[in-house]
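K.L.:
here you go, sequence then predicted model.
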Amino acid sequence: MLDPTTILPKSQRWQCQRCGNCCKWPGDVRVTDAEVREIAAFVGMDEDKFLEKYVRLRTDRKGLSLIEKDNHECIFLDGNNCLINEVKPNQCRGFPNKWNFLGWRDHCEAVAMSNESNEKAPHPSD
Ligand code: SF4
Ligand code: SF4
């Protein structure tokens, strides 16, 4: 997954279509220490063993990332489903409504919400 680079304006929200593309492109899936603890508990693993098996340094070496498969998919992607959806990292939760990147619409199938539903739906950063 590409790193968060751009904060979106609050004026438009997008509805995920669960295509799974954002779990398939190369890049870091950032995890905090607290997220590591939560995910390790969710999959029933000791935290140290989880770190050893599923976590690496981020490419900028300033934090941690989940590892990826040989084809660059996230290690926790199964088909188009996230195996840790209930406890997935904030980076995953935030795309595309909290952050995006140049050209993201070419890779993401999220649908723009109408003005009416857009006004009713709280922005994730609220
Ligand atoms: S943790 Fe889940 S949502 Fe995040 S990149 Fe991996 S499979 Fe996708
Ligand atoms: S790429 Fe977009 S539509 Fe596809 S799963 Fe990710 S957020 Fe949802």
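P.N.:
Nice, thanks for sending it over. Ligands and ions are numbered 1, 2, ... in the order given.
K.L.:
OK, contacts around Ile75?
P.N.:
By CB atoms under 8 Å, 6 or more residues apart in numbering, Ile75 lies in contact with 54, 66-69. For the C-beta atoms, the positions are set from N, CA and C on the backbone; glycine is no exception.
K.L.:
mind listing which of those are in helices?
P.N.:
Judged by DSSP state H, those include Tyr54 as members of helices.
K.L.:
which of the contacts of Ile75 come close to ligand 1?
P.N.:
Among the contacts of Ile75, proximity to ligand 1 is found for Leu66 (CB under 6 Å from any ligand atom).
K.L.:
Lys49 belongs to a helix, doesn't it?
P.N.:
Yes. Per DSSP: H, G, I helix; E, B strand; the rest coil, Lys49 lies within a helix segment.
K.L.:
what's the local residue count around it?
P.N.:
10 (other CB atoms under 10 Å).
K.L.:
buried residues, stretch 74-94. List them.
P.N.:
74-77, 82, 84, 88-89, 91-92, 94 (16 or more other CB atoms under 10 Å).
K.L.:
where do the helices of this protein begin and end?
P.N.:
33-42, 47-54, 90-94, 115-120.
K.L.:
in CSV: the ones you listed, plus distance to ligand 2 and mean pLDDT.
P.N.:
Putting these into CSV (distance: least, CB to the nearest ligand atom, whole Å; pLDDT from 0 to 100) gives the following:
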stretch, distance to ligand 2, mean pLDDT
helix 33-42, 18, 98
helix 47-54, 20, 98
helix 90-94, 8, 96
helix 115-120, 16, 58
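K.L.:
which one, of those helices, ends up nearest to His107?
P.N.:
helix 90-94 (14.7 Å; CB to CB).
K.L.:
which secondary structure elements does that closest one contact?
P.N.:
strand 29-31 (3 or more CB pairs under 8 Å, 6 or more residues apart in numbering; DSSP states H and E).
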